[in-house]
Structure formats: structure tokens, C-alpha cells
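**Q** Could you work out the structure for the sequence below:
(chains A and B)
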Amino acid sequence: MPSFLRHFLFPHESNNQRAKLLHPSSWGLIIGLFTVFQLTINQLTISYPQILGYASQIAPETIIKLTNLKRQENGLLPLQSNPELSAAAAQKAADMFARNYWAHVSPVGTQPWYFITTAGYTYRYAGENLARDFSQAQAVVEAWMASPSHRDNLLNSHYQDIGIAVVDGTLDGRETTLVVQLLGTKLSAAPSLTQGAVTIVKPVQAASAPSTMNYEPLSKNPKISPFDITKLVSLGLIIIFIAVLTIDIITVYRQKIVRWTSKSLAHLLFLLALLIAALIISKGQII
Amino acid sequence: MTFERDFAHHPMHYFTLLCIMLIGLWGIFWFNYSRAVQLGIILSMASSYVVWGIVHHAHHKDLHIKVVYEYILVALFSVLIFASLIFRS
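**A** The predicted structure is shown next:
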């Protein structure tokens, strides 16, 4: 085995009986390089979105279809696609891009209900689910179903109509795909047995001319997703450290080496937990 | 102290660490819909890990600033990796 590999990966006299990769200087170097790597991805995402960016293939019809599937599985009536709610959802997405926020209420206090009423939909009940950065419709609906509050919205028996907008744009300097789902029941519809509270709409002006909104995908199918490359590098680093720590523990045990260092077994446990946590994280966020 | 003596003398220490990691992982899995909560959990896990290291080495009477520094670096590395994944997701 080449001596430099032995020096970096195995406990040896040359590295004071501990793989050089496990020395504090190496941890520090890896942390520094990973930070530079992340900053480079940021820059590349902005400068070369055709290479490094987010691409989504989410059709609003698919979201509606999957939502109705979940409702039917739970014994509820399917929702009807409503053009006014869809227009309101598109306007909400436009406002989020124009005012650069990721929340149900805009920085100036505009509630989701404002967009619904201005689109001409007078509601008895209304609700909103938001998602961003997902690449598949199935993943969006699954994420909503996994969250108790979003699930309650999706499976609310009060709702009869649905409107979806999937809009690409720039949020916080990042190309983003927003999914806005608005659910509602018209005031003119027959009231259900259970009365729900109608939210008071605040008279706040929404953004009328979004500057960064773009209904066409900004990046024409970028080749690499920043999330995928980050995950690949992260998993690679974690696995390398786990392997070196395992070698270290076995070597120290077999050769009965006595050292004054931190405990490799503790590091190994922590990094195994990190590996599982990193595997759990998937693309997309919801609120 | 050799590895087997360390483990034999303080099995509860490692069991505690294992429990912290398992509870943290359960939380990360359970709150998969909330990135903020997940970030809070990994920060708690990293802090607990550093505290565990300090307590463990204090029991061994071999606590040194260099040892603490190593635990902090591993914790920092883990938080950086996890936070990057959350930010990119």
C-alpha cells in the first residue's frame, strides 16, 4: 500500500497511531473545503442555471388528481378544479416572488384569503397549502400528507373546490418552483352541518406587477441539481469517515494501542446517525 | 486506556450516547415535514454529543482542550453537512 494512503487512512507510527484524516487539522480542512464547495454551488446556480439548477415536472392536474385520490381513500368526496381558485393561487405565487417571501402571510400582512376574494371566489371555507423545490407531484402530496396540519387541509370535508398554481421564479436569489394549493367552498354552496369560521380578509394591497415572476421554467432542464450533488458529496464524505473510523477502532483494539485522543467509537456512532439523517432528507419544503 | 477497557468501564456512557442518537433520528424522521425542527434536532444532537464527550473524558480524568476541540469539530462537520442538505432541499 502506498505510504501516503497508509498515513491518511490507517493508524501508524507516521501519524502518531491515528489516521491523518482523523486529526483535528484534517477535520478543519474538510469543513473549510465543504464550505467553499457550497459557496461555489451557490455561485454556479446563479451564473449557470442551465447546468446547475432545479427542474420540476409538476403538472397542476396531477396534484389535483393525487389530492382527490387521497380524499377518496379516506372516504371523502373529490374536489372540483376551480378556475377562480387557480387564478388566486397563481396570483399568490406571483406575490411571493415579487415580495420575495416564503410564508402564508406576506411581509405587508396580505393573507391568502385576499387573493381568493379578489379572484372572484366568495368563500365559506378556505385553506392554503404551499410547497417549493419538489421535482415530482407525488412527492408534494406525500409531504403534505405527512404533515398533520397540511393533511387536515387536504382531508377537510368542508372543501368542495381546489385551485393549483405551479410557478417557476427566483426566491432569495435561488431558482424555485412554488406550488400553491388553494382549497375552498363557495358561500353560495349548501352549508355543511358543522359551521366553520370564515377568516376576515385584511384590506391590504397585494403586489400587482411581479417583477421576477415567470410562468415558463427558468432553467431548461438543468443537468445537475444542487441538492443531488450536495447529497452525493455529503454521503461520500460521511462514508469515508465511517470507514476510516472503523479501521481505526479495529486496529487500536487489535494492537492494544493506548492514545490520548477523543473516542473513535463515539465519532462512529454520531456519524452513523448523521448518515441515516442525511438519507432521510429529501427534496422539497412545505409550509 | 485501551478500547475494550474503556468500553467495559463505561458501558452506560455509550448506551446513553446511542439513546441520544436514536431519539434524535426518530425526531428527524418524525418531523420530516418541518425543516426548522429538523435543524433544531441536529443542533441539539451535536450539542449533546460535545457535552457527552466532555463528561466522558472528565470521568476518565483525561479531559484536555484538544480532545474537546475534536468533538466540536466532528459536531461542526455534522451540522454543516445536515444544514447544507436542508438548505438545498
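**Q** Pull the host helix or strand of A:Trp27 out as PDB, backbone CA atoms only.
**A** In this structure, A:Trp27 sits in helix A:24-47 according to DSSP states H and E. Extracted in PDB, the C-alpha atoms of helix A:24-47 (Å, rounded to 0.1, in the frame of the first residue of the first chain):
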ATOM      1  CA  PRO A  24      -8.200  17.900  14.000                       C
ATOM      2  CA  SER A  25      -6.300  19.700  11.200                       C
ATOM      3  CA  SER A  26      -8.000  17.300   8.700                       C
ATOM      4  CA  TRP A  27     -11.500  17.800  10.100                       C
ATOM      5  CA  GLY A  28     -10.900  21.600   9.900                       C
ATOM      6  CA  LEU A  29      -9.700  21.300   6.300                       C
ATOM      7  CA  ILE A  30     -12.700  19.200   5.300                       C
ATOM      8  CA  ILE A  31     -15.100  21.700   6.900                       C
ATOM      9  CA  GLY A  32     -13.400  24.500   5.100                       C
ATOM     10  CA  LEU A  33     -13.400  22.700   1.700                       C
ATOM     11  CA  PHE A  34     -17.100  21.800   2.100                       C
ATOM     12  CA  THR A  35     -18.000  25.400   2.900                       C
ATOM     13  CA  VAL A  36     -16.100  26.500  -0.200                       C
ATOM     14  CA  PHE A  37     -17.900  23.800  -2.200                       C
ATOM     15  CA  GLN A  38     -21.300  25.100  -1.000                       C
ATOM     16  CA  LEU A  39     -20.400  28.700  -1.900                       C
ATOM     17  CA  THR A  40     -19.300  27.500  -5.300                       C
ATOM     18  CA  ILE A  41     -22.600  25.800  -5.900                       C
ATOM     19  CA  ASN A  42     -24.400  29.000  -4.900                       C
ATOM     20  CA  GLN A  43     -22.400  30.900  -7.500                       C
ATOM     21  CA  LEU A  44     -22.800  28.300 -10.200                       C
ATOM     22  CA  THR A  45     -26.600  28.100  -9.600                       C
ATOM     23  CA  ILE A  46     -26.800  31.900 -10.200                       C
ATOM     24  CA  SER A  47     -24.300  32.100 -13.100                       C
END
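**Q** Quick check: which helices or strands does it pack against?
**A** helix A:226-255, helix B:65-88 (3 or more C-beta pairs under 8 Å, 6 or more residues apart in numbering or on different chains; DSSP states H and E). C-betas here are computed from N, CA, C, even on glycine.
**Q** Quick check: whichever residue of chain B sits closest to chain A vs A:Tyr159, distance?
**A** Using C-beta to the nearest C-beta, the closest approach of chain B to chain A is made by B:Tyr33 at 3.5 Å. Distance of B:Tyr33 to A:Tyr159, computed by C-beta to C-beta, to the nearest Å: 20 Å.
**Q** Over to A:Gly284?
**A** A:Gly284 sits 23 Å away from A:Tyr159 when distances are taken as C-beta to C-beta.
**Q** need the contact list for the nearest residue to B:Ala75 once chain neighbours are set aside.
**A** Among residues not flanking B:Ala75 along the chain, B:Ala46 sits closest, at 3.8 Å (C-beta to C-beta, 6 or more residues apart in numbering or on different chains). The contact partners of B:Ala46, by C-beta atoms under 8 Å, 6 or more residues apart in numbering or on different chains, come to B:Ala75, B:Leu76, B:Ser78, B:Val79.
**Q** which element is B:Ala46 on?
**A** Counting by DSSP H and E, B:Ala46 is part of helix B:35-60.
**Q** hmm, back to that, of the contacts of B:Ala46, which pair is most distant in space?
**A** Largest separation among those by C-beta to C-beta: B:Leu76 and B:Ser78, giving 7.3 Å.
**Q** which stretches of chain A form helices?
**A** Remark: helices assigned in chain A by DSSP state H are A:3-9, A:24-47, A:60-73, A:83-99, A:112-118, A:137-146, A:148-154, A:226-255, A:264-280.
**Q** and the stretch 101-250 of chain A, which residues reach chain B?
**A** A:133, A:143, A:146-147, A:150, A:226-227, A:230-231, A:234, A:237-238, A:249 (C-beta under 8 Å from any C-beta of the partner chain).
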